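Novice: Below: sequence and its predicted model.
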Amino acid sequence: MASRPAEQRVEARQLAAHLDAEGVRNIAVTWIDNAGIARVKAVPTARIGNAAERGIGMSPVFDVFTSDDAITESPHLGGPDGDLRLFPVLDRVTALAAQPGWAWAPADRYDQLGTPHPACQRDFARRMAARAAAAGIGLRMGFETEWVVARTPEGGGPHPTDPHTPLDYPCAGPAYGMTRIVELSDYLRDITEALTVQGIEVLQLHPEYSPGQFEVSTAAADPVRAADDVVLVRETLRAVSARHGLRASFAPSVVAGQVGNGCHLHLSLHRDGHSLHRTPDAALGLAPDAAAFLGGILAALPALLAIGCPSPASYLRLQPSQWAGVYQCWGVENREAALRLITGAPDDPDGGNAEIKTFDAAANPYLAVGAVIAAGLHGIETGTPLPDPVSGDPGALGVRERSRRGIVRLPATLTDATDHLEKSAALRDAMGEVLHGAVLAVRRAEEAQFAGSEADEIAAATRWRW
Ligand code: GLU
Ligand code: MG
């Protein structure tokens with residue numbers, strides 16, 4: 001449907017009038033490419049009806065853009081030909097608190113005849129959520145956002161992508177320390193305020209481990225909405241930072257050798273409104289389908305890393321004993337396990353969930369949620385068992401003890417993860433050849449771009465890309 005039904009036209013007209021009255025002049029329509037970059041086309045508010053009816057033109061070549069704006073090609077995509085239509089998702093149009101006069105909407109991508117573009121990541125996420133629903137599984141998901149904040153250099157100082165330029169942090173003080181909240185009190189208040197008025201429920205805000213590092217976690221939602229939300233959260237943090245003369249880095253490794261930024265993905269499973277994490281007759285409360293779903297995710301993690309940890313910079317972050325989950329194991333409340341089971345408070349029937357610690361914010365969140373659901377459903381279909389849980393830090397064990405317990409290190413390079421994704425028939429089937437091929441092409445191109453680069457060069461080159 002290249003042109004949308006009449007109700008949508010009416011809805012768009014009413015929306016334009018409402019936004020115009022609120023002083024919104026432009027709507028930024030974003031999609032996330034396979035390298036995790038938010039790309040955008042903006043339309044004046046008065047054009048939202050036209051955009052909702054006919055879409056906004058864009059080249060399909062963006063599916064093979066790399067994070068440094070180089071262009072590669074896949075067997076299906078690349079080159080200057082062709083056109084796609086971006087349709088703003090009207091029920092997600094949000095006036096932006098830290099960008100007065102602007103609103104934002106995520107986009108669905110179609111071809112000119114009105115068929116969903118086979119490489120549309122948002123459509124992939126939606127298809128996988130629908131597949132889960134058809135299997136009777138409801139899903140709630142939520143991303144945690146970690147970022148490092150630094151001062152924007154003044155007066156033409158050394159450029160912050162120079163690996164030798166130390167970052168100028170606007171706050172000092174200990175990890176998780178109140179000092180940082182005192183020093184950045186206005187900034188952090190503005191973040192909560194902006195997110196809240198934009199309809200994002202903030203659950204928690206805290207300073208993290210590395211200098212200038214913070215985290216915000218927001219409420220769980222259905223998978224597609226959760227991916228939309230994390231895009232909006234990130235752009236809001238970026239905009240609030242700019243208004244305070246600051247810059248936000250969501251890069252996996254901001255400074256090589258330091259604890260990086262994760263973007264942990266929480267998920268919980270439900271059937272008929274009941275949590276599958278709280279059945280009274282199962283060990284740990286996990287219903288058999290929930291155990292098999294998590295078993296499927298765990299088994300697929302080496303391939304999922306090429307989705308959730310998509311940059312060469314991701315592998316600078318993925319170090320043992322930094323709470324980034326680099327071993328292919330799960331554990332109850334174990335922050336060193338790639339998959340952490342959270343049981344929730346005894347009096348909270350919906351508190352149970354699982355957290356994939358390994359993922360970072362270079363990941364396209366739509367690909368991440370879609371691929372995780374595909375892996376979980378594959379686990380149910382094949383009855384994948386959940387192995388024994390692991391407690392303690394696998395990184396603190398000797399090689400021999402890890403191997404005795406069957407604890408394996410996840411891929412330590414993008415090349416290794418991409419090889420796993422290439423071989424994964426389940427993910428290839430779920431994504432379709434066009435999307436799977438485009439992701440592989442981008443990963444291979446980024447491997448080649450950074451082959452032979454030092455860690456500090458990779459961190460500096462990618463520091464401000466996401
Ligand atoms: N910053 C850590 C990471 O790279 C995570 C710390 C935490 O568990 O919050 O994932
Ligand atoms: Mg954290």
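Specialist: Good, I have the coordinates. Residues are numbered from 1 along each chain as shown. Ligands and ions are numbered 1, 2, ... in the order given.

Novice: Which pLDDT value belongs to Pro163?
Specialist: We have a pLDDT of 72 for Pro163.

Novice: Contacts only, for it.
Specialist: With contacts defined as Cβ atoms under 8 Å, 6 or more residues apart in numbering, Pro163 is in contact with Glu454, Asp456, Glu457, Ala459, Ala460. In this view, the C-beta of every residue, glycine as well, is placed from N, C-alpha and C.

Novice: ok, and the most crowded of the residues you listed?
Specialist: Among the contacts of Pro163, Ala459 has the most neighbours (other Cβ atoms under 10 Å), with 26 neighbours.

Novice: SS state for it?
Specialist: Here Ala459 is helix, with the state taken from DSSP: H, G, I helix; E, B strand; the rest coil.

Novice: can I assume it is in contact with Val255?
Specialist: Yes: counting by Cβ atoms under 8 Å, Ala459 does reach Val255; the two are 6.1 Å apart.

Novice: quick revisit: between the contacts of Pro163, which sits nearest Thr165?
Specialist: Ala460 (7.9 Å; Cβ to Cβ).

Novice: Is the closest one in contact with Asp162, as I believe?
Specialist: Yes: the pair Ala460 and Asp162 passes the contact test of Cβ under 8 Å, sitting 6.5 Å apart.

Novice: Report how many residues lie close to Leu440.
Specialist: 19.

Novice: quick one: which helix or strand includes it?
Specialist: For Leu440, the enclosing helix or strand under DSSP states H and E is helix 433-450.

Novice: Quick check: buried residues in that helix?
Specialist: Of all the residues in helix 433-450, those buried under the rule 16 or more other Cβ atoms under 10 Å are 434-447, 449-450.

Novice: Would you check which pair of those residues lies furthest apart?
Specialist: When these are compared pair by pair using Cβ to Cβ, the farthest-apart members prove to be Val434 and Phe450, with a separation of 25.5 Å.

Novice: check contacts around Val439.
Specialist: With contacts defined as Cβ under 8 Å, 6+ apart, the neighbours of Val439 are Asn34, Ala306, Ile307, Pro310, Leu367, Leu421, Met431.

Novice: could those go into CSV alongside pLDDT?
Specialist: Listed next are those as CSV, based on pLDDT from 0 to 100:
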residue, pLDDT
Asn34, 98
Ala306, 98
Ile307, 98
Pro310, 98
Leu367, 98
Leu421, 98
Met431, 98
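
Novice: In this structure, which residue is most central in space?
Specialist: Using Cα atoms, centre = their mean, the residue of the chain that lies closest to the mean C-alpha position is Pro365, 3.2 Å off.

Novice: my guess is that residue meets Phe143, correct?
Specialist: Yes: the pair formed by Pro365 and Phe143 meets the contact definition of Cβ under 8 Å, at 6.3 Å.

Novice: can you pull out the helices in the stretch 301-450 of the chain?
Specialist: Secondary structure of the stretch 301-450 of the chain by DSSP state H, counting those that start in this stretch: the helices cover 314-317, 365-382, 399-404, 414-423, 425-431, 433-450.

Novice: of all those helices, which lies closest to ligand 1?
Specialist: In this view, those are compared for proximity to ligand 1 by Cβ to the nearest ligand atom, and helix 314-317 is the closest at 5.4 Å.

Novice: What is the neighbour count of Thr279?
Specialist: Using other Cβ under 10 Å: Thr279 sits among 18 other residues.

Novice: So it, which state does it fall into?
Specialist: Look at Thr279: counting by three-state DSSP, its state is coil.

Novice: Identify the residues contacting it.
Specialist: For Thr279, counting by Cβ under 8 Å, 6+ apart, the contacting residues are Gly285, Leu286, Ala287.

Novice: Let me know how buried the residue of the chain found nearest ligand 1 is, in neighbour terms.
Specialist: For the chain, the residue closest to ligand 1 is Gly262, as judged by Cβ to the nearest ligand atom, at 2.3 Å. Counted with other Cβ under 10 Å, residues neighbouring Gly262 total 29.

Novice: is it true that it touches Phe143?
Specialist: No: the pair Gly262 and Phe143 fails to qualify as a contact (Cβ under 8 Å) at a distance of 9.7 Å.

Novice: Grab the nearest non-local neighbour of the residue nearest to the centre of the chain.
Specialist: The shortest distance from Pro365 to any residue other than its chain neighbours is 3.9 Å, reached at Ala227 (Cβ to Cβ, 6 or more residues apart in numbering).

Novice: With Glu193 instead?
Specialist: Ala97 (6.9 Å).

Novice: In a strand, that neighbour, correct?
Specialist: No: counting by three-state DSSP, Ala97 is not found in a strand; it is coil.

Novice: That one: neighbouring residues, count only.
Specialist: Ala97 is surrounded by 19 other residues when neighbours are defined as other Cβ under 10 Å.

Novice: next one: Arg151
Specialist: When neighbours are counted by other Cβ under 10 Å, Arg151 registers 17.

Novice: any idea of the pLDDT on it?
Specialist: As summarised for this prediction, Arg151 has a pLDDT of 91.

Novice: In three-state terms, label the nearest residue to it once chain neighbours are set aside for me.
Specialist: With Cβ to Cβ, 6+ apart as the criterion, Arg151 has its nearest non-adjacent residue at 4.2 Å, and that residue is Asp168. In terms of secondary structure, Asp168 is coil; the call rests on three-state DSSP.

Novice: quick one, what contacts the closest residue to Gly260 other than its chain neighbours?
Specialist: Nearest in space to Gly260, with sequence neighbours left out and distances taken as Cβ to Cβ, 6+ apart, is Arg317 at 3.3 Å. The contact partners of Arg317, taken as Cβ under 8 Å, 6+ apart, are Pro252, Ser253, Val259, Gly260, Asn261, Gly262, Cys309, Ala324, Asp360.

Novice: any idea how far the second one is from Ala362?
Specialist: Ser253 sits 10 Å away from Ala362, going by Cβ to Cβ, to the nearest Å.
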